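Q: pasting a predicted model and its sequence here:
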Amino acid sequence: MPTHRVPGFTAPAPGDLTTVDVAGRKLAVTVEDGQAYAFDDACTHMRCSLSGGEVEDGAVICPCHFAAFDLATGAVRSGPAEEPLRCYRAQLADGTLVLEVPE
Ligand code: FES
């Protein structure tokens, strides 16, 4: 899987999200306890932007209808979404975000 680097990445505040554009995809990114999590920004329910939501108890909560997805796996924790979220391997090191995203 191709590796993409985002130098000068500023981690969002705890519980918050930001976005990066990588390989033609818009990804939402959050950082919990130094671990970065990246996933498609579009909710699988009606494609609202998850970066406008918040992170609680290891899940991202969609701002539109409050579906919750597990940060680590993308699994749906609560609806109305039914499809899991696509997640990408992410690492944060020395201010550089490293993502594994298919072309
Ligand atoms: S668009 Fe995300 S829960 Fe409806």
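A: That came through fine.
Q: hmm, Val29 and Pro12 touching each other?
A: Yes: with contact defined as CB atoms under 8 Å, Pro12 counts as touching Val29 (7.4 Å). Any C-beta I mention is one placed from the backbone N, CA and C, and that applies to glycine too.
Q: tell me, what's touching those two both at once?
A: With contacts defined as CB atoms under 8 Å, 6 or more residues apart in numbering, the residues adjacent to both Pro12 and Val29 are Thr18.
Q: so what's Ala36 bridging to?
A: Ala36 has these beta-bridge partners by DSSP bridges: Val31.
Q: more neighbours: which of Pro12 and Val29?
A: Using other CB atoms under 10 Å as the criterion, Pro12 and Val29 rank with Val29 on top: 24 against 16.
Q: contacts only, for the more buried one.
A: Contacts of Val29 by CB under 8 Å, 6+ apart are 9, 12, 17-20, 36-38, 90, 97.
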